[in-house]
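Participant: Sharing a sequence plus its predicted fold:
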Amino acid sequence: MTTTTTGINKKYKDRLFNFIYGNPENKEWTLSLYNAVNGSDYTDPSLIEFNTLSDVLFMGMQNDTSFIIFDIMSVYEHQSTLNYNMPLRMLQYVGELYSGHIAKHKLNKYGQKRIMLPVPKLVVFYNGGDYTEDEVILRLSDSFNPDYRETADVEVKVRMINVNYGRNKELMKNCKTLNEYAWFVACVLKNLVEHDIKAAVNIALDEMPQNFVIRDFLFSHRQEVEGMLDTEYNEAEVMELFRADGEKQGIDKHLITLICKKIKAGKHIEEIANEVEESVEDIAPIYNIAIDFAPDYSVERIYEKLKEEK
């Protein structure tokens, strides 16, 4: 079987989970995870054909890992905040993957001959702070009006697997690297209570047992790991605020917070708009006012100024 790898867009950060399991260097780890999730026992990592789309992003981060083994197309997404809209997002993403598959193999979707497609298996690996069962099935139909749900012509099911350290013990037992990843994330989060992200990562690496399979990989990519987790936890913090306060005032303030962080990081307005998934025109008022409040970037003062100008 010919193995091809979609190029990674280095302009954006991976999540640590995808950096580990969507990395062509670590196909044996990806295969181990696949076996643990599906109860299979494949032994040849070259069976894996990555087909992750490099330009499908959320808040500037690559969320997903997608690969094909034989006729199974696995789409693995990592989330550190609960998102019950994953079936809708997966539906859209799988459509993009199928478009790429059809183009790559020069298939004719308008012809009479039936096109055979790889079977999608959709999994979200969740390690946020909200409680969930070890495994939950999310369904697209849960978003439909209950009066018509049973007659819907489309359904999407997504397995959401809790990968917080100490959960899903059988799965962790069957995939050693997943258990090590869960331990590392838990250790970093514990250290973040009293330290910044760089120190928290370094302490976790120093405390990591010598026999951990992923240890050398994380050490060799220390700076990248720091950057990925810094971005990821900033995103999780902002999304938690969005969830806690859905009123327009709250959303504005949290968007201001996110934009100010990116201005501090030296990013231009076009980059910021792309990463927060808003148009330049929509964020320009916030951006222009925020610049005037450098270097403190008081969110309250920026918000009040915005209200005055409306």
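Facilitator: The structure has been received and is ready for your questions.
Participant: List the buried residues of stretch 216-234.
Facilitator: Using 16 or more other C-beta atoms under 10 Å as the test for burial, stretch 216-234 gives 217-218, 221, 225-234. All C-beta atoms are positioned from the backbone trio N, CA, C, and that covers glycine.
Participant: cool, and stretch 176-188?
Facilitator: 176, 177, 178, 179, 180, 181, 182, 183, 184, 185, 187, 188.
Participant: Among the residues you listed, name the ones in strands.
Facilitator: Of these, none are assigned to strands by DSSP state E.
Participant: Check the buried residues of stretch 216-234 and tell me the two furthest apart.
Facilitator: Farthest-apart pair in the buried residues of stretch 216-234 is 217 and 234; separation 23.5 Å (C-beta to C-beta).
Participant: just to revisit the earlier point, which of the buried residues of stretch 176-188 fall within helices?
Facilitator: 176, 177, 178, 179, 180, 181, 182, 183, 184, 185, 187, 188 (DSSP state H).
Participant: Show me the shaky parts of this structure.
Facilitator: 1-14, 54-64, 234-252, 310 (pLDDT under 70).
Participant: Report back the residue of it that's furthest from centre.
Facilitator: Most distant residue from the mean C-alpha position of the chain: residue 112, 37.8 Å away (C-alpha atoms, centre = their mean).
Participant: so which strand or helix has it?
Facilitator: Of the helices and strands defined by DSSP states H and E, none includes residue 112.
Participant: how about residue 73, secondary structure?
Facilitator: Here residue 73 is strand, with the state taken from DSSP: H, G, I helix; E, B strand; the rest coil.
Participant: Check whether it really touches residue 120, as I assumed.
Facilitator: Yes: between residue 73 and residue 120 there is a contact under C-beta atoms under 8 Å: 5.1 Å.
Participant: okay, and the common contacts of those two?
Facilitator: 94, 97 (C-beta atoms under 8 Å, 6 or more residues apart in numbering).
Participant: can you give me the helices in the stretch 151-300 of the chain?
Facilitator: Under the criterion DSSP state H, counting those that start in this stretch, the stretch 151-300 of the chain carries helices at the ranges 169-174, 176-191, 197-207, 215-220, 222-244, 248-264, 269-276, 280-292, 299-309.
Participant: List the beta-bridge partners for residue 66.
Facilitator: As for beta bridges, residue 66 partners with residue 75 under DSSP bridges.
Participant: How much space separates residue 86 from residue 76?
Facilitator: Residue 86 sits at a distance of 12 Å from residue 76 (criterion: C-beta to C-beta, to the nearest Å).
Participant: swap in residue 191?
Facilitator: 27 Å.
Participant: Would you mind listing the buried residues in stretch 203-217?
Facilitator: Buried, per 16+ other C-beta under 10 Å, within stretch 203-217: 203, 204, 205, 208, 212, 214, 217.
Participant: Show the end-to-end separation of stretch 102-115, please.
Facilitator: End-to-end distance for stretch 102-115: 9 Å, by C-alpha to C-alpha, to the nearest Å.
Participant: Next, the closest residue to residue 43 other than its chain neighbours: secondary structure please.
Facilitator: Once flanking residues are discounted, residue 43 sits nearest to residue 31: 7.8 Å by C-beta to C-beta, 6 or more residues apart in numbering. Three-state call for residue 31 (three-state DSSP): helix.
Participant: next one: residue 41
Facilitator: Under three-state DSSP, residue 41 comes out as coil.
Participant: Residue 68 now?
Facilitator: Applying three-state DSSP to residue 68 yields a three-state assignment of strand.
Participant: Give me the neighbour count for it.
Facilitator: Close neighbours of residue 68, defined as other C-beta atoms under 10 Å, add up to 20.
Participant: Equivalent analysis for residue 151, please.
Facilitator: Other residues close to residue 151 by other C-beta under 10 Å number 7.
Participant: for residue 281, same thing?
Facilitator: 8.
Participant: Start at 56, not 1
Facilitator: OK, 56 is where the count begins now, so the last one is residue 336.
Participant: isn't the residue nearest to residue 98 right up against residue 102?
Facilitator: Yes: at 7.2 Å, residue 86 and residue 102 qualify as touching, with contact defined as C-beta under 8 Å.
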